[in-house]
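A.B. asks: got a predicted model here, sequence first, then my questions.
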Amino acid sequence: MTVDTLRHPGLVPGSTAPHAPTLQAEAEQVRGDEVRTDWTRAEIAALFDLPFDELMFRAQTTHRAHHAAGQVQLCTLLSIKTGGCPEDCGYCNQSASAETELKASKLMDVRAVLQSAAQARDAGSQRFCMGAAWRNPKDKDMPAIIEMVQGVRQMGMETCMTLGMLTPAQAEQLAEAGLDYYNHNIDTSPEKYAEVITTRTFQDRLDTLENVREAGINVCCGGIVGMGETRADRVGFVHALATLPRHPESVPVNALVPVKGTVLGNMLADTPLAAIDDIEFVRTVAVARVTMPLSMVRLSAGRESMSEATQALCFMAGANSIFTGDKLLTTGNAGDDKDAALLAKLGLVPMVGEEPMRKEKTCC
């Protein structure tokens, strides 16, 4: 085998022309410099298949073209209504069908929520996210929800809510209250979805995203990897997001936290090899960054079990948003002190200013 063959695996020994498209040629075909919504699955699969250093280079180049280098957005997530959800999401211990010790609670008092928001602001958080374990909010709960949104905004923080499915009228109410973001994850690929959730469809998710967009609220939408899916499913997951009419302003990438008592927790908790490989997780983050250049890519659930090296690679891959604090809804999180120490070690600082897609929306 010649040196050229080693450098270019597509070369046939003794030839001077590629027998098949080289990795460099494939890379040129899937450039992520421009904002596109017409990605094909083949193009996204080609990104996943790139040598790791090439993919990381592409992701970091794309990231620096649109985002401030070395800055990470700090967000805080609070469960404002825990447990008792009628949905059967296989990963969630808040499902009423999950056999866990989690007790259902009522919607938190508005004053308690605002107190938590003030503490998050003082700890450096830019965005305060509030989640309720509902299939969809009831109209009787909307006045309190609106009061929470308005109160957090008055503190100078961005607001985000995740309340399940929304009707167009509810989305309009939240928009009038000044809600900045609405989170509604697609979770996984369209093909894998029905294996994870049966109480609503993938299209139901898309319908709520459309209602949120129509109301003028920014979209936060991502999913979970490590649920036993294949790489083809991860390709399909990124493809579904990257081909939306407008990319989500925020894209959270979660690693499954297998909680015993949930369907996936029981299936995967005692099977360490079922967990997604760290490098594959970083590849997923990098591909999300390349295909959605302007979006904030958030390193979300599962981070508390990641090594500092894995998290550092995620930041190099273009992740520029994290949840801080000791808890994400009902699962553990790294904690403020640990996060501060990691960011200091890596020379990263809290983000200042507005996200690229929101800035673009304001100025254009």
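C.D. replies: Yep, that arrived. Numbering: from 1, shown residues only.
A.B. asks: give me the distance between residue 164 and residue 151.
C.D. replies: 21 Å (Cβ to Cβ, to the nearest Å). For the C-beta atoms, the positions are set from N, CA and C on the backbone; glycine is no exception.
A.B. asks: what about residue 245, neighbour count?
C.D. replies: Residues within reach of residue 245, counting by other Cβ atoms under 10 Å, total 8.
A.B. asks: and what about it, helix, strand or coil?
C.D. replies: coil (DSSP: H, G, I helix; E, B strand; the rest coil).
A.B. asks: hey, where'd the helices end up in the stretch 251-364 of the chain?
C.D. replies: Remark: helices assigned in the stretch 251-364 of the chain by DSSP state H, counting those that start in this stretch are 263-268, 278-291, 308-316, 336-346, 356-363.
A.B. asks: just those helices: most buried one?
C.D. replies: helix 278-291 (a mean of 24; mean count of other Cβ atoms under 10 Å).
A.B. asks: now the angle from it to helix 308-316?
C.D. replies: Angle, helix 278-291 to helix 308-316, by axes from the mean of the first three to the mean of the last three Cα atoms, to 10 degrees: 10 degrees.
A.B. asks: average pLDDT across helix 278-291?
C.D. replies: In this model, helix 278-291 has an average pLDDT of 97.
A.B. asks: okay, it in CSV with CA atoms only?
C.D. replies: Taking C-alpha atoms only, helix 278-291 is exported to CSV below (Å, rounded to 0.1, in the frame of the first residue of the first chain):
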residue,chain,number,x,y,z
ASP,A,278,-18.8,9.6,24.4
ILE,A,279,-17.3,10.2,21.0
GLU,A,280,-20.6,9.4,19.3
PHE,A,281,-22.3,11.9,21.6
VAL,A,282,-19.8,14.6,20.7
ARG,A,283,-20.3,13.7,17.0
THR,A,284,-24.0,14.3,17.4
VAL,A,285,-23.3,17.8,19.0
ALA,A,286,-20.9,18.6,16.2
VAL,A,287,-23.3,17.6,13.4
ALA,A,288,-26.1,19.7,15.1
ARG,A,289,-23.7,22.7,15.1
VAL,A,290,-22.8,22.3,11.4
THR,A,291,-26.3,21.8,10.2
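A.B. asks: pLDDT at the residue nearest in space to the middle of the chain, what is it?
C.D. replies: In the chain, the residue lying closest to the centroid (Cα atoms, centre = their mean) is residue 252, at 1.0 Å. Note on residue 252: pLDDT of 96.
A.B. asks: same question, residue 214
C.D. replies: Confidence score, pLDDT, at residue 214: 96.
A.B. asks: excluding its backbone neighbours, what's nearest it?
C.D. replies: Of all residues not flanking residue 214 in the chain, residue 168 sits nearest, at 6.5 Å (Cβ to Cβ, 6 or more residues apart in numbering).
A.B. asks: where in the stretch 51-200 of the chain is pLDDT low?
C.D. replies: 84, 96-98, 100-102 (pLDDT under 70).
A.B. asks: which residues in it form helices?
C.D. replies: According to DSSP H, counting those that start in this stretch, the helices that the stretch 51-200 of the chain contains are 52-66, 110-122, 142-154, 168-177, 190-196.
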